[in-house]
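Novice: got a sequence here, can you model it:
(one chain, ligands or ions: 1)
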Amino acid sequence: MTGVLPSHRGRGIAMALKLATIAYGRQHGYSEIRTWNETHNTGMLAINERLGFTRQPAWITFEAALEPGCAP
Ligand SMILES: CC(C)(COP(=O)(O)OP(=O)(O)OC[C@H]1O[C@@H](n2cnc3c(N)ncnc32)[C@H](O)[C@@H]1OP(=O)(O)O)[C@@H](O)C(=O)NCCC(=O)NCCS
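Specialist: Next up, the predicted model:
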């Protein structure tokens, strides 16, 4: 997870962290990086797309509560 304190956002810190991760991968011979993004997180989506990540088919997460009286 990439995270920057609210007081420090908008200064390129997340972009720098992601670039450092990519450089690490290259230096160590990795051929692929995968990342996951919440669909409404426009900030992180913008960063990942600027870095060249391409969108893949979306996963939808389902949840069912198993409390007494709840379906199913
Ligand atoms: C998302 C997050 C990491 C961005 O950190 P940041 O240091 O402010 O991001 P940067 O300054 O490196 O932004 C780089 C570029 O991303 C884009 N960007 C960043 N935040 C954006 C936003 N809220 N909306 C749209 N674009 C955004 C901009 O294009 C920016 O480039 P620019 O400054 O040239 O315009 C930060 O908002 C955060 O910690 N959020 C909470 C945690 C989180 O959601 N993490 C991601 C989990 S997947």
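
Novice: quick check: residues of the protein near the ligand?
Specialist: 1-4, 9-15, 37, 41-44, 46-47 (C-beta under 6 Å from any ligand atom). All C-beta spots, glycine's among them, are computed from the backbone N, C-alpha and C.

Novice: make it 5 Å
Specialist: 2-4, 9-10, 12-15, 42-44, 46-47 (C-beta under 5 Å from any ligand atom).

Novice: closest one to residue 56 out of those, please.
Specialist: The nearest member of those to residue 56, counting by C-beta to C-beta, is residue 44 at 15.2 Å.

Novice: burial of residue 15, as a residue count?
Specialist: 15 (other C-beta atoms under 10 Å).

Novice: actually residue 35, not the one I typed
Specialist: Neighbours of residue 35 (other C-beta under 10 Å): 13.

Novice: which ones are touching it?
Specialist: By C-beta atoms under 8 Å, 6 or more residues apart in numbering, residue 35 lies in contact with 48, 53.

Novice: where's it relative to residue 69, distance?
Specialist: 39 Å (C-beta to C-beta, to the nearest Å).

Novice: could you find the closest non-adjacent residue to residue 49?
Specialist: residue 55 (7.9 Å; C-beta to C-beta, 6 or more residues apart in numbering).

Novice: please apply the same query to residue 45.
Specialist: Distances taken as C-beta to C-beta, 6+ apart place residue 37 nearest to residue 45, at 5.6 Å, with adjacent residues excluded.

Novice: packing partners for the helix or strand harbouring residue 18?
Specialist: For residue 18, the host element (DSSP states H and E) is helix 13-27. On a contact count with 3 or more C-beta pairs under 8 Å, 6 or more residues apart in numbering; DSSP states H and E, helix 13-27 meets helix 42-50.

Novice: buried residues, the helix it packs on. List them.
Specialist: Within helix 42-50, the residues scored as buried using 16 or more other C-beta atoms under 10 Å are 44, 47, 48.

Novice: so the second one makes contact with residue 18?
Specialist: Yes: at 6.1 Å, residue 47 counts as touching residue 18 under the criterion of C-beta atoms under 8 Å.
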